[in-house]
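> Below are the sequence and a predicted model for it; my questions follow.
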Amino acid sequence: MRTAFNWNRPCTLLGIAAVSAWPQLASAQGTAPMAASATPPALTAPTPLKLPAMVERTLPNGLRLVIVEQRELPVVDAYLVVRSGSEADPQNKAGLATLTANMLDEGAGSRDALALAEEIGFLAVRLGTGASLEGSNVFLHSTRATLDSAMGLMADVVLRPTFPEKEFTRLKSERLTSLLQEQDRGPAMADRAFAALVYGESHPYGRSSSGTKESVDPIALDDVKDFWRTYYRPNNATLILVGDLSVSEAQTLATRAFGVWERAAIPAVTYAKAPASAASAIHIVDKPKAAQSSFRIGGIGVARSTADYYPLMVMNTALGGSFTSRLNNTLREVKGYTYGAGSGFAMRREAGPFTARAEVVSAKTDSALIEFMKELNGIRQPLPAAELAKVKRYLQLGYADGFETTGDIASQVSSLVTYGLPLSTLGAFDSGIAKVTAADVQRVATKYLDPAKLTIVIAGDRASIEPALKATKIAPVDVRDMRGRPVIVP
């Protein structure tokens, strides 16, 4: 039974007095408590990150393997990346890729959903599935001792899903309920409207991976089976294996689990070109009596393959990519309008969006927009030397955090696979950031952030925020629904 903890009384843990007893312990040992320092610790020079070797192999059926031997602990992470996700959804059935991925572990091989869950628990492994805009994946974390059995489960989920009707009905119902709930969530309303306004609903980047009620309603179980049959093919996939196994062991394991997987032609995915950026406009998505306004400000950015990747990382970190960034410092620390503000480039196969965002107290909506515009204009000016140095050091010192576990390494490699980048990309980060100059930062800020061509979406209480937004004269104001479509208002 859970009991409440009283922080005001002394307690002991493993025989050591804790919490309220700490000052007395320090005093008894003759050591005065250390005074708090007003000076932050100096940043050290980044230690060169030594990455383990990444070896590539290809099975006869076309399945690409990336193998990373990491022997510190007797664990292995396997990450299967299928290079088709919501991009491949038919426009009238958006949400199909994610429903397909969700169905994979609802019954596979000879096991129904319950039996599969029980065996996962018995082996003490983690096995999951998912899909995003540009890929679908199945991931596994296992000890070395249970790896053979765990890989058999993973292969069943990928190659032999049973797609039970009752589980499909349940998942589809849950999806429709979730979509209904989004209609009362300001951040979700702003996200959907922003994507649709920047890219248009006919473009995959302009739609949500979870779809809409209108697109999910007609999805049938046969559609799920067809998507799996079409895109889940070895010649459209990469298996990443990281952990306590050699290259030869990994190849043998992958062949045993996935060698029978049959290759097939993968249909090309085509879609409409994104519209050109237009003059800045403010689009209100009405959420009556909302206590806060959800800001999404930006436009079309860059693809992950851009040659400007490192300057953009530095520029955005200064603008809104860290807790001490300009946007967060101004809107949270100085003005107190929000709990947090930030920005980022969603770099995809094609040019993904740049988005600056915050959830702002409703009464300060117009004031927050003014501050956003000041910072978006200000980042186009030369970055001071001290700020440039701090941002670069922040990025370099934090980079190693993404490689602490075998799962972290598998995730990092999967991002390269998704965007078709060479494996050497991971080892080039520190030097790439080090070469960025203030001139580089100003160049990319000027090139990719044009305050005169911004899509500004604010989901909030129209009745209270519209007059003040118009008074800023920053841009014309109109009203849209959460699909980005015009709303006729009195």
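Good, I have the coordinates.
> pLDDT of stretch 122-138, averaged?
Here stretch 122-138 scores 96 as its mean pLDDT.
> ok, longest helix in this protein?
helix 165-182 (DSSP state H).
> give the contact list for residue 94.
The contact partners of residue 94, by Cβ atoms under 8 Å, 6 or more residues apart in numbering, come to 86, 207-209, 211-212, 215-216. For every residue, glycine as well, the C-beta is placed using N, CA and C.
> Which of these fall within helices?
When DSSP H defines the helices, the subset of the contacts of residue 94 inside them is 215-216.
> Nearest to residue 269 among the contacts of residue 94?
Of all those, residue 86 has the smallest distance to residue 269: 10.3 Å, by Cβ to Cβ.
> Can you tell me how far the closest one is from residue 92?
Separation of residue 86 from residue 92 (Cβ to Cβ, to the nearest Å) stands at 14 Å.
> So for these two, which sits in the more crowded spot?
The neighbour comparison of residue 86 against residue 92 (other Cβ atoms under 10 Å) goes to residue 86, with 24 against 11.
> Not counting its neighbours along the chain, what's nearest that one?
In space, and not counting its chain neighbours, residue 86 is closest to residue 209: 4.0 Å by Cβ to Cβ, 6 or more residues apart in numbering.
> Following element in sequence after the longest helix of the chain, please.
With elements assigned by DSSP states H and E, the helix or strand that comes after helix 165-182 is helix 186-199.
> for residue 46, helix, strand, or coil?
Three-state assignment for residue 46 (DSSP: H, G, I helix; E, B strand; the rest coil): coil.
> Number the chain from 35, please
Will do, 35 is the new start, and the previous item becomes residue 80.
> Now do the residue most central in space within the chain, the pLDDT please.
When Cα atoms, centre = their mean is applied to the chain, the residue found nearest the centroid is residue 380 (8.6 Å). pLDDT, residue 380: 97.
> Could you check how far it is from residue 233?
Separation of residue 380 from residue 233 (Cβ to Cβ): 11 Å.
> Overlap of the contact sets of the two?
residue 387.
> how about the strands in the stretch 85-234 of the chain?
88-92, 98-103, 109-116, 141-142, 145-146, 160-165, 170-177 (DSSP state E, counting those that start in this stretch).
> circling back to that earlier point, which elements pack onto the longest helix of the chain?
With contacts defined as 3 or more Cβ pairs under 8 Å, 6 or more residues apart in numbering; DSSP states H and E, the packing partners of helix 199-216 are helix 130-137, helix 220-233, helix 247-250, helix 255-265.
> I'd say residue 515 and residue 319 touch.
Yes. Using Cβ atoms under 8 Å as the test, residue 515 is close enough to residue 319 to be in contact (6.8 Å).
> quick one, which of those two is more surrounded?
Each of residue 515 and residue 319 has its neighbours counted (other Cβ under 10 Å); residue 319 has more, 27 against 16.
> what is the more buried one paired to in the beta sheet?
Here residue 319 sits in beta bridges with residue 493, residue 514, as judged by DSSP bridges.
> quick one: it from residue 518, how far?
Counting by Cβ to Cβ - residue 319 and residue 518 are separated by 9 Å.
> Residues that sit against both of these two, list them.
Common neighbours of residue 319 and residue 518 are listed as residue 227 (criterion: Cβ under 8 Å, 6+ apart).
> Neighbours of residue 400, how many?
The number of residues packed near residue 400 is 19, by other Cβ under 10 Å.
> again with residue 418
Here the number of neighbours of residue 418 (other Cβ under 10 Å) works out to 11.
> Please tell me how far it sits from residue 260.
For residue 418 relative to residue 260 (Cβ to Cβ), the value is 56 Å.
> From residue 174, how far off is the closest residue to residue 296 other than its chain neighbours?
Closest residue in space to residue 296, ignoring its immediate chain neighbours: residue 95 at 6.8 Å, by Cβ to Cβ, 6+ apart. As for residue 95, its distance to residue 174 is 20 Å (criterion: Cβ to Cβ).
> who has more neighbours, those two?
Using other Cβ under 10 Å as the criterion, residue 95 and residue 174 rank with residue 174 on top: 24 against 16.
> The more buried one contacts residue 157, doesn't it?
No. With contacts counted by Cβ under 8 Å, residue 174 stays clear of residue 157, the gap being 10.1 Å.
> Three-state assignment for residue 376, please.
strand.
> okay, now it: neighbour count?
Using other Cβ under 10 Å: residue 376 sits among 19 other residues.
> do the same with residue 100
Using other Cβ under 10 Å, residue 100 has 22 other residues around it.
> Between helix 255-265 and the longest helix of the chain, find me the angle.
Computed by axes from the mean of the first three to the mean of the last three Cα atoms, to 10 degrees, the angle separating helix 199-216 from helix 255-265 equals 100 degrees.
> Helix 199-216: which residues count as buried?
Neighbour-count burial for helix 199-216 flags 201-202, 205-206, 209-210, 213, 216 (criterion: 16 or more other Cβ atoms under 10 Å).
> In a markdown table, list those along with pLDDT.
Conversion of those to a markdown table gives the following (pLDDT from 0 to 100):
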| residue | pLDDT |
| --- | --- |
| 201 | 97 |
| 202 | 98 |
| 205 | 98 |
| 206 | 98 |
| 209 | 98 |
| 210 | 98 |
| 213 | 97 |
| 216 | 96 |
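> what two of the residues you listed have the greatest distance between them?
Spatially, the most separated pair among the buried residues of helix 199-216 is 201 and 216, at 22.7 Å (Cβ to Cβ).
> isn't residue 404 right up against residue 506?
Yes. Using Cβ under 8 Å, residue 404 is in contact with residue 506, at 6.1 Å.
> ok, those two, which is more surrounded?
The residue with more neighbours, out of residue 404 and residue 506, is residue 506; 15 against 12, by other Cβ under 10 Å.
> So for that one, what's the pLDDT?
Predicted confidence (pLDDT) for residue 506: 98.
> And the nearest residue to it once chain neighbours are set aside, what's its pLDDT?
What sits nearest to residue 506 in space, not counting adjacent residues and going by Cβ to Cβ, 6+ apart, is residue 400, at 5.4 Å. pLDDT, residue 400: 98.
> so who does residue 400 touch?
Contact analysis of residue 400 by Cβ under 8 Å, 6+ apart lists 499, 502-503, 505-506.
> Neighbour-wise, which one of the residues you listed leads?
Greatest neighbour count in those, by other Cβ under 10 Å, goes to residue 499: 25 neighbours.
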